[in-house]
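[1] Structure for the following, please:
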Amino acid sequence: MRRSKVNLKYIAIIAALGFSGALYLAIHSMKAPVSYTGEMNPQPYFHGISGIGVVEPKEKVLHLAFQQKGVIESIYVVPGQRVKKGQILCALNQEEIDARIGALQAVYENALIQEKKIKEKSLIAEKLYKKKVFSDHETRLNVYNARQASAKRKECENLLYQAKLEKDRHLIKAPTDGTILSSNLHQGQYSLPGKEVVIMGDLTKLTVCVEFDEMYAECLPLTVTALGKTRSITPQKVSLRLHRIDPYIYPKRNLPGIHSGIDSRVLHVYYDIISNSKPLFTGQELDVFVEKDTNSKQK
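    So this is what the prediction gives:
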């Protein structure tokens, strides 16, 4: 009897512990999930505004794609390579279009020969008409044939030109001088038109595009200098100078602590990099701070 009482005591203790554990888990599972947005560098100004900046090339990042579908046959560049405007970066397989161009070239050359023959015949007819050998009807007929031959030659020439333009769409050429930033090219890969395969930009001069909440729009135009800090183990300070402010409020892209479902809008402000101790990379994020214009009238 005493033994059964001891067993009941242990069972009660175990049940109490189980209930406490279940209650603890239930309470903590009801807490709202915390969204980690990364730690911001401390604000260096007493009256300051902060935003997230992204390092960009001088003339924006260029996303390049093929205009035609096909299999990638040739790759001429790698990330980090400098390229010149008009340089071929990659090419699709061109066997089919080359065969069509060859056929159209032959048709065009034949049309040239026919045009030359008919024009010569027309000139002879005109001379014979003057000598009263050919009738007016025969002379007119030869003139019409010569015009028809010229029209046929022009048609063949345009078809050949159109095919050559289509061949050019099998290539991706550098639209400007710059550096290859990223490549998604693989030989033998099937590529669809409009699918991004190469990213490039001009790295000779970098800028920082900063997004500030629209509520600070009135404070920013008079602020010339700014301070950027890299998000690294040892943050690097980057001196910035105002370059331009876009006169348009964009949907937010990089505002911290705001979910994508909230309609937040931002002002894009571009800064030139004045000094930085270490190299910056395109796409790198900076915490950017500016001293707020306290004389601006806040609404």
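
[2] my read is Gln162 is in a strand, agree?
    No - judged by DSSP: H, G, I helix; E, B strand; the rest coil, Gln162 forms no part of a strand; its state is helix.

[3] Give me the neighbour count for it.
    Neighbouring residues of Gln162 were enumerated by other Cβ atoms under 10 Å; the total is 11. (C-beta placed from N, C-alpha, C; glycine too.)

[4] what's the spacing between it and Cys156?
    11 Å (Cβ to Cβ, to the nearest Å).

[5] before we move on, what about Gly178?
    Gly178 is 39 Å from Cys156, where distance means Cβ to Cβ.

[6] ditto for Cys219
    Counting by Cβ to Cβ, the gap from Cys219 to Cys156 is 66 Å.

[7] same question, Ser122
    Applying Cβ to Cβ to Ser122 and Cys156 gives a distance of 20 Å.

[8] Equivalent analysis for Glu211, please.
    55 Å.

[9] ditto for Leu267
    56 Å.

[10] what do you get for Ser275?
    Distance, Ser275 to Cys156, by Cβ to Cβ: 62 Å.

[11] Settle it for me: which of the two has more neighbours?
    Set side by side, Ser275 and Cys156 show more neighbours around Cys156, with 21 against 9, by other Cβ under 10 Å.

[12] Domains in this structure, by residue range?
    1-31, 48-58+205-291, 65-86+172-199, 94-169 (automatic domain parsing).

[13] For the stretch 1-150 of the chain, which segments count as helices?
    Under the criterion DSSP state H, counting those that start in this stretch, the stretch 1-150 of the chain contains helices at 2-29, 95-130, 136-168.

[14] ranking the ones you listed by mean pLDDT, which is last?
    Least confident of the helices of the stretch 1-150 of the chain, judged by mean pLDDT, is helix 2-29 with a mean of 60.

[15] which residues in the stretch 151-299 of the chain form strands?
    171-173, 178-183, 190-191, 196-201, 206-213, 225-230, 237-251, 265-276, 285-291 (DSSP state E, counting those that start in this stretch).

[16] Identify whichever of the ones you listed lies nearest to Val78.
    The minimum distance between Val78 and these falls on strand 178-183, with 6.7 Å, by Cβ to Cβ.

[17] Alpha carbons of the closest one, in PDB - could you do that?
    What follows is strand 178-183, C-alpha atoms only, in PDB (Å, rounded to 0.1, in the frame of the first residue of the first chain):
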ATOM      1  CA  GLY A 178      33.000  48.800 -68.900                       C
ATOM      2  CA  THR A 179      33.700  45.700 -66.800                       C
ATOM      3  CA  ILE A 180      31.900  42.400 -66.700                       C
ATOM      4  CA  LEU A 181      30.500  42.100 -63.200                       C
ATOM      5  CA  SER A 182      28.700  38.800 -63.400                       C
ATOM      6  CA  SER A 183      28.100  36.100 -66.000                       C
END
